[in-house]
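**Q** Structural data only, the sequence is not supplied:
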RNA sequence: GGUGGGGUGGCCGAGUGGCUAAUGGCAGCAGACUGUAAAUCUGCCGCGCUUUGCGCUACGUAGGUUCGAAUCCUACCCCCACCA
């Protein structure tokens, strides 16, 4: 039910297929983020047509609203959202990082002051598992402690060791939930769920290795995530961390680089053995009018696009580029029409998903390294000039 | 015709003697965003220059008072309300 096959490799890069209860995921793949059970602004059909094979949901946000019981009542997150392909839920661990100032961390778990109503909420490894179990995604993530990219060794070690201790608690609770499945699970029909651990350790190579070794000692796992990157550290540092982990990560488990990234990050990650990515930038930047194209970033509000009859990216096959001129997209943003946010979001999502598809094809042909270098060259040199 | 109110930078609108090239907002221009407290946030926004500074022009028009005026006085032009 949880199987990963590596079908081709080129250097550290891999092309594979991940089998999950709700379907297959061909890797490398970008997973759009749907925090509140919706990829912001988009209809599930639009997400599907963009080629998304799997999307994310968030434990923290869905727990606060509408509450996992409301989702379980209608049969789980798949039925709730009508997304019938694979899903993964983040554990709330990232909110430990992003909601700094609204939370306090202790060994039992994390106390949050709800950003919605100020009420006090506690998230623990156990409650994160309970919530994710009720949500019923194919993959649940371990509840981890993310530290900023600038974190010194001591702080990174604390977060990493705590993440390992919490992993034991996550695993125990998840195993119990799995054993009690039919009676405890509101999802109909019940479908199995797997748990993925998260490597932490900040920017410190020795901590990253300790983290991974600790995880492997608790294995086996159906997938392993690398967290705590793209949180303020320079890109070369992230690359070094990935290079340090690649030789030790088991080949037979998919590797998920959490929260990454931008187009160049995908290519650099794939080149270092990463199989799965997720990132809010595609949709957030889309809503903010920033589009990725094969020749670099485009600010759709830019004055010089007022008369442009070109598509956003002539090399793109998304529904937006197939139909709308830049001049119209710009107009929609200037007029603050919601269609603009949606169209650029669709483009950005398709852009990253296609990058995964192209990388996969290139790896299978043994041309990925060349593809990557040519692609980055064109992307950074703004082909127009 | 009379009385009252008012004319401020592309627009709206504060300011009623120096701290005012002039608060705000809008419009415009540019940028940021990486497991979503984000359809958000930041910067610029009279003109010119050797741009953390300097010069010039500017608060209806013209003149005056004052060391100094968008702010006070006089005349004129225009707008609005009410009264005839």
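**A** In hand now; what should we look at? If you're wondering where the values come from, they're calculated on a predicted model, not measured in any experiment.

**Q** Give me the contact list for stretch A:171-184.
**A** With contact meaning C-beta atoms under 8 Å, 6 or more residues apart in numbering, stretch A:171-184 is reached by A:125-126, A:129-130, A:133, A:140, A:142, A:185, A:190, A:192-193, A:195, A:218. C-beta coordinates here come from the backbone N, C-alpha and C atoms, glycine included.

**Q** Please read the previous query as pertaining to stretch A:148-165.
**A** The contact list for stretch A:148-165, computed with C-beta under 8 Å, 6+ apart, reads A:93, A:97, A:105, A:107, A:142, A:144-147, A:198, A:200-204, A:207-208, A:210-211, A:214-215, A:228-233, A:237.

**Q** next one: stretch A:114-129
**A** With contact meaning C-beta under 8 Å, 6+ apart, stretch A:114-129 is reached by A:59-60, A:63-65, A:91-93, A:95, A:99, A:102, A:108-113, A:140, A:142-143, A:166-167, A:169-170, A:173-174, A:177, A:195.

**Q** PyMOL command for the buried members of those residues?
**A** Command for PyMOL that selects the buried part of the contacts of stretch A:114-129, burial taken from 16 or more other C-beta atoms under 10 Å:
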select buried, chain A and resi 59+60+63+64+91+92+93+95+99+109+110+112+140+142+143+166+167+169+170+173+174+177+195
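
**Q** Which ones among the contacts of stretch A:114-129 lie within helices?
**A** A:59-60, A:63-64, A:93, A:95, A:166-167, A:169-170, A:173-174, A:177 (DSSP state H).

**Q** What residues does the stretch 251-385 of chain A have near RNA strand B?
**A** By the rule C-beta under 7 Å from any atom of the strand, the part of the stretch 251-385 of chain A lying against RNA strand B is A:258-262, A:265, A:278-281, A:283-285, A:287-290, A:297, A:299, A:301-304, A:306, A:334, A:336, A:338, A:341.

**Q** residues touching the closest residue to residue A:319 other than its chain neighbours, list them.
**A** Nearest in space to residue A:319, with sequence neighbours left out and distances taken as C-beta to C-beta, 6 or more residues apart in numbering, is residue A:346 at 5.8 Å. The neighbours of residue A:346, taking C-beta under 8 Å, 6+ apart as the test, are A:42, A:46, A:50, A:286, A:318-320.

**Q** next structured bit after whichever helix or strand residue A:346 is part of?
**A** Element membership for residue A:346 (DSSP states H and E) is helix A:338-365. Next helix or strand after helix A:338-365 toward the C-terminus (DSSP H and E): helix A:368-380.

**Q** And that next one, what does it pack against?
**A** Packing partners of helix A:368-380 (3 or more C-beta pairs under 8 Å, 6 or more residues apart in numbering; DSSP states H and E): helix A:263-271, helix A:338-365.

**Q** just how off-centre is stretch A:19-39 within its chain?
**A** 8 Å (C-alpha atoms, centre = their mean, to the nearest Å).

**Q** Can you mark which positions in that stretch are buried?
**A** Buried residues in stretch A:19-39, counted by 16+ other C-beta under 10 Å: A:19-22, A:25-35, A:37-39.

**Q** start to end distance for that stretch?
**A** When the termini of stretch A:19-39 are compared using C-alpha to C-alpha, to the nearest Å, they are 22 Å apart.

**Q** Am I right that residue A:244 is in contact with residue A:211?
**A** No: Residue A:244 lies out of contact with residue A:211 (C-beta atoms under 8 Å); the separation is 10.9 Å.

**Q** Tell me the confidence at residue A:286?
**A** Per-residue pLDDT puts residue A:286 at 98.

**Q** from what I can see it touches residue A:338, true?
**A** No: at 11.8 Å, residue A:286 does not count as touching residue A:338 under the criterion of C-beta under 8 Å.

**Q** For those two, indicate the residue with more neighbours.
**A** Neighbour count, other C-beta atoms under 10 Å: between residue A:286 and residue A:338, residue A:286 has more, with 27 against 10.

**Q** Nearest residue to the more buried one in space, please, no chain neighbours.
**A** Leaving aside its sequence neighbours, residue A:286 sits nearest to residue A:345 (C-beta to C-beta, 6+ apart; 3.3 Å).

**Q** The closest residue to residue A:146 other than its chain neighbours and RNA strand B, how far apart?
**A** Computed as C-beta to C-beta, 6+ apart, the closest residue to residue A:146 that is not its neighbour in sequence is residue A:97, at 3.8 Å. Going from residue A:97 to RNA strand B by C-beta to the nearest atom of the strand, to the nearest Å gives 6 Å.

**Q** For residue A:97, the count of nearby residues, please.
**A** 19.

**Q** Among the contacts of stretch A:148-165, which lie within helices?
**A** A:93, A:97, A:207-208, A:210-211, A:214-215, A:237.

**Q** would you list those residues in CSV and tack on distance to residue A:162?
**A** Converted to CSV, the ones in helices among the contacts of stretch A:148-165 look like this (distance: C-beta to C-beta, whole Å):
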residue, distance to residue A:162
A:93, 11
A:97, 13
A:207, 12
A:208, 15
A:210, 13
A:211, 11
A:214, 11
A:215, 14
A:237, 22
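
**Q** Give me the below-cutoff pLDDT ranges for the stretch 251-385 of chain A.
**A** A:382-385 (pLDDT under 70).

**Q** so residue A:279 bridges to which residues?
**A** Beta-bridge pairing of residue A:279 under DSSP bridges involves residue A:32.

**Q** tell me the contacts of it?
**A** A:30, A:33, A:230, A:259-262, A:265, A:352.
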